[in-house]
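In: Take a look and give me a structure for this.
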Amino acid sequence: AAASVAVHWRLATEADAVRAQSAASSVAGILGEAYRLQQGKAVAEILPASATKGHAIRAFLAEAPYAGRRAVFIGDDLTDEKAFVPVNEDGGITIRVGPGETVARHRVADPAAVRDLLLGWAAGGAIDPESLPPA
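Out: Coordinates of the predicted model:
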């Protein structure tokens, strides 16, 4: 069985952030081609070379109770961009949080806007893609 690990340093000092990145890179190198290092916002993930968020979403959508449903993927990180692609291909809803280049079809300004969006959908009893601004 494969495993993964994420090293986060969002609140670390700059020196500790450099040490965390170096450690993650060293471990990924030792593990070899079966694993890869994936960088994000103040995080490094060591994961199986074939694993992506997109693969995970598609696996969920192939099994009950998610089979036949439409994915909604909201993200703000570089790793989320790779997941937006298969969700878009499968007719799902993709939402980028914050600025930056994106392949997501929609964008909201910040986490507070995500909360407001989700609360609005909950109050309306349905996900309303028409309520989303384009990216």
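
In: any idea which helix or strand carries the residue of the chain most remote from its centre?
Out: Distance from the C-alpha centroid of the chain, by CA atoms, centre = their mean, peaks at residue 15 (26.4 Å). Per DSSP states H and E, residue 15 falls inside helix 14-31.

In: Show me which positions of that helix end up buried.
Out: For helix 14-31, burial by neighbour count (16 or more other CB atoms under 10 Å) applies to 17, 20, 21, 24, 28. Using the backbone N, CA and C atoms, a C-beta is placed for each residue, glycine as well.

In: can those go into TSV with extra columns for distance to residue 38 and pLDDT?
Out: Shown next, in TSV, are the buried residues of helix 14-31 (distance: CB to CB, whole Å; pLDDT from 0 to 100):
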residue	distance to residue 38	pLDDT
17	16	95
20	14	96
21	12	95
24	10	95
28	9	93
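
In: of all those, which comes closest to residue 2?
Out: When the buried residues of helix 14-31 are ranked by distance to residue 2 (CB to CB), residue 28 comes first, at 13.6 Å.

In: you'd agree that closest one is up against residue 36?
Out: Yes. Under the criterion of CB atoms under 8 Å, residue 28 makes contact with residue 36 at 6.8 Å.
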